[in-house]
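Peer 1: what's the 3D shape of this:
(chains A and B)
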Amino acid sequence: MASSFARILSSKRKVGIWSLVGAGSLTVGFFLNREQHVNAGAHVRRIYPASAEYPDLRKHNNCMASHLTPAVYAKLCDKTTPNGYTLDLAIQTGVDNPGHPFIKTVGMVAGDEESYEVFADIFNSVIRERHNGYDPCNMKHPTDLDSSKIRGGQFDEKYVLSSRVRTGRSIRGLSLPPACTRAERREVERVVIDALAGLKGDLAGKYYSLTLMNEQEQQQLIDDHFLFDKPVSPLLTCAGMARDWPDARGIWHNNEKTFLVWVNEEDHTRVISMEKGGNMKRVFERFCRGLQEVERLIQEKGWEFMWNERLGYILTCPSNLGTGLRAGVHVTLPRLSKDPRFPKILDNLRLQKRGTGGVDTAAVGNTFDISNLDRLGQSEVQLVQTVIDGVNYLIECEKKLERGQDVKIPAPISQFK
Amino acid sequence: MPFGNTHNQLKMNYIAEQEYPDLSQHNNHMAKVLTLEMYANLRDKQTPSGFTVDDVIQTGVDNPGHPFIMTVGCVAGDEETYEVFKDLLDPIIEDRHGGYKPTDKHKTDLNPDNLQGGDDLDPNYVLSSRVRTGRSIRGFCLPPHCSRGERRAIEGLSVEALGALDGDLKGKYYALKDMTEEEQQQLIDDHFLFDKPVSPLLLASGMARDWPDGRGIWHNDNKTFLVWVNEEDHLRVISMQKGGNMKEVFTRFCTGLTKIEELFKEKGHEFMWNEHLGYVLTCPSNLGTGLRGGVHVKLPNLSKHEKFGEILKRLRLQKRGTGGVDTAAVGGIFDISNADRLGFSEVELVQMVVDGVKLLVEMEKRLEAGQSINDLMPEQK
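Peer 2: Down below sits the predicted model:
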């Protein structure tokens, strides 16, 4: 019990305990109840020694498999989070999906906020590898949602077709999608849509529940490219995220269709700001404003986002820790994309390319999705600035090649600022 | 959640209404039976190994079903599931197994001498004959709930028992994860190899976890007796051969099963069985005998007859395509097997198949010759 309250008090937004008790007595009651029902670190049912349970990872290529030695497994396999989440549950997706020789997936998920602490011995190693050396043990993650700090951010629309920034947020006190019960998931939905209903002006919008949506609404959401479907990727289904589909899942968007929130897909919420064209500055401004407004609205009701200064915003997949931010553009680069130096240029700018269908898709024509590589160890403002500076550089390269001039590989920018 | 019940206690912080699944779009046996009141009564219970009602029903919640095909919508995680959650499972069993009551007793009969005939199904029509069932090892959790350690222990015990078979039952085990390319191709060519389940009905229950760890195929050198280890059940046992000699297939089936059971008993293990539910398996649809005895039979004319469905129903038989469940028939060749599993003994079910298929072939011959089959119409068994 003490640890839960200590966590709330030490969060960067100092929500007074009294406001919690007053407006959020349900939350407090929930914490009290939870601790009485389940002991943190209670032993799980185990008839076999750790060596008999240790998964066969010889054919595996994911971050979990690289770091889960028999010794680490033995140390952690009998531990549980206060909610009862276990190591076996966390690694199931990585055991079931050996991975690909070229693409190294993460291979584990968190079932709740405490997973990252109770199973720190494996999570920290995975985080260090996935986030290019960021060490949760001795580094701090900066959070900065002050969009006024952005320099530039209006791209040449001859090249940039659209701009987008996305992140995720988790509601503290409720289990994450791999582990949540139906009631918890419904509570996430209730808390989030209650807050979204309080948004005004250009952020005012409407919620479409997946269970209740009618045919016309569904078709409109598909046409707008907003509708998300039941996950089919075994990476997600093996982690248990698709249970009870489509119960308590839905999509909220503002009337202008520039600010969108997914509820209970891979995270409690995924928040997306987007628009056609190259005004990344405005996209990020709306992103920050929307996020801060939603945070204010849930705090009024005694809730808050999962966050700590080691790991930043806590999300289901370790790859999305920190900012959880992917800022990107759809940009046409017909000449540069054919230049053999393209991958190296991207790499040094700390950018990645994807096809225009998102992760694991191919580029169509010469249009690419270009976004930041990093998530953790740099702030939102820093990452978006990196994308802005980087995409501007790519456009300059493209223009040079158009004029018959040569391009230069830029010096690698430093990763942790 | 499959395996690891400590998590489930979190649900008790919410009232039943908040946790009760939305079954309004659902059409499966579980959804028909599970009222809010029943859910409220069962939600704080668990089996000794920690299986809860939410674990039982997850597959039925995730798979609303089909308007035409009524799936079961729940699974057992261990033997005790059928006892602890009898309020839910008894009505499902009754509905699925033709009115089988909670007080009914199931007869087991694995004596092949009690089968009349069955050795002379016309091989011009009956291309192959097959009998399958499943067995669970008492004291171990079932595939939706077992840990890696348990699954490996089940594999170890099974391989040891099967390794002691001799005579025409002597054979070899092929672990899925150690198989060579050649072995794999051979097993595919023999139509023996089973693959990781893709059906969402199975995946949603957690049966495919840790694939292919602890899974494998054993078959005898003659390729007429086959055992699947840790697929949908601990063991699936299959006896098969080309042609219409169901008697021989069934004899080998019974002999093999009995021998395997003896070998397990020698090591202090037994199969899950009780006099009410017979052999206990993962899916309630396979309780009792767990037996599906069938043939691949050519019925191009009869299958087009308007009374085909009615005939099968009266004979207590069902048709499938030659790819097995949920496949279509190819070239007029059907998989015809017993519809029942529980409430009839193994001998009784195979007898129904033998007698029924004999009649179907006779009808087919009549229709081929342009004659009527009206006088052959059977009574409802």
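Peer 1: CA atoms for contacts and neighbours, from now on please.
Peer 2: Fine.
Peer 1: quick one, phi/psi of residue A:273?
Peer 2: phi -120, psi 130 (degrees, to the nearest 10).
Peer 1: how about it: what's its closest non-neighbour residue?
Peer 2: Distances taken as Cα to Cα, 6 or more residues apart in numbering or on different chains put residue A:259 closest to residue A:273, at 4.6 Å, once the chain neighbours are dropped.
Peer 1: tell me how far that neighbour lies from chain B.
Peer 2: 29 Å (Cα to the nearest Cα, to the nearest Å).
Peer 1: got the contact list for that residue?
Peer 2: A:203, A:253, A:271-274, A:286-287, A:290 (Cα atoms under 8 Å, 6 or more residues apart in numbering or on different chains).
Peer 1: now, which of the residues you listed sits nearest chain B?
Peer 2: Within the contacts of residue A:259, the smallest distance to chain B is 24.8 Å, found for residue A:253 (Cα to the nearest Cα).
Peer 1: what lies in contact with the host helix or strand of that closest one?
Peer 2: Remark: residue A:253 resides in strand A:250-254, with elements defined by DSSP states H and E. Around strand A:250-254, the neighbours that count as contacts under Cα under 8 Å, 6+ apart are A:193, A:196, A:202-211, A:226-227, A:259-264.
Peer 1: adjacent strands (with direction) for that strand?
Peer 2: strand A:205-209 (antiparallel), strand A:259-263 (antiparallel) (DSSP bridges).
Peer 1: mean confidence for the last one?
Peer 2: Read it as strand A:259-263. Average pLDDT, strand A:259-263: 97.
Peer 1: before we move on, what about stretch B:91-103?
Peer 2: 96.
Peer 1: for that stretch, how far is the first residue from the last?
Peer 2: 12 Å (Cα to Cα, to the nearest Å).
Peer 1: which residue packs closest to the closest residue to chain B within the stretch 201-350 of chain A, ignoring adjacent ones?
Peer 2: When distances are taken as Cα to the nearest Cα, the stretch 201-350 of chain A reaches nearest to chain B at residue A:244, 5.1 Å away. Spatially, and ignoring its direct neighbours in sequence, residue A:244 is nearest to residue B:62 (5.1 Å; Cα to Cα, 6+ apart).
Peer 1: next up, the contacts around the one you found.
Peer 2: A:243-245, B:204 are the contacts of residue B:62 under Cα under 8 Å, 6+ apart.
Peer 1: pull the most distant pair out of those residues.
Peer 2: Greatest spacing in the contacts of residue B:62, by Cα to Cα: A:245 and B:204 (11.1 Å).
Peer 1: report the separation between residue A:194 and residue A:172.
Peer 2: From residue A:194 to residue A:172 the distance is 16 Å (Cα to Cα).
Peer 1: quick one, phi/psi of the residue of the stretch 251-381 of chain B found nearest chain A?
Peer 2: Of all residues in the stretch 251-381 of chain B, residue B:269 sits closest to chain A, at 16.7 Å by Cα to the nearest Cα. Main-chain torsions, residue B:269, degrees, to the nearest 10: phi -120, psi 150.
Peer 1: for chain B, what's its nearest residue on the stretch 151-300 of chain A.
Peer 2: For the stretch 151-300 of chain A, Cα to the nearest Cα, closest residue to chain B: residue A:183, 4.7 Å.
Peer 1: tell me which stretches of the stretch 251-381 of chain B form helices.
Peer 2: B:308-314, B:346-368 (DSSP state H, counting those that start in this stretch).
Peer 1: so residue A:248 touches residue A:184, yeah?
Peer 2: No: applying Cα atoms under 8 Å as the test, residue A:248 and residue A:184 come out as separate, 9.5 Å apart.
Peer 1: buried stuff in stretch A:135-149?
Peer 2: Buried residues in stretch A:135-149, defined by neighbour count with 16 or more other Cα atoms under 10 Å in any protein chain shown: A:135-136, A:140-143, A:145, A:147.
Peer 1: out of those, which comes closest to chain B?
Peer 2: Nearest to chain B among the buried residues of stretch A:135-149, with distances taken as Cα to the nearest Cα, is residue A:136, at 26.6 Å.
Peer 1: can you give me the distance of that closest one to residue B:92?
Peer 2: Taking Cα to Cα, one finds residue A:136 at 51 Å from residue B:92.
Peer 1: cool, and residue B:113?
Peer 2: 34 Å.
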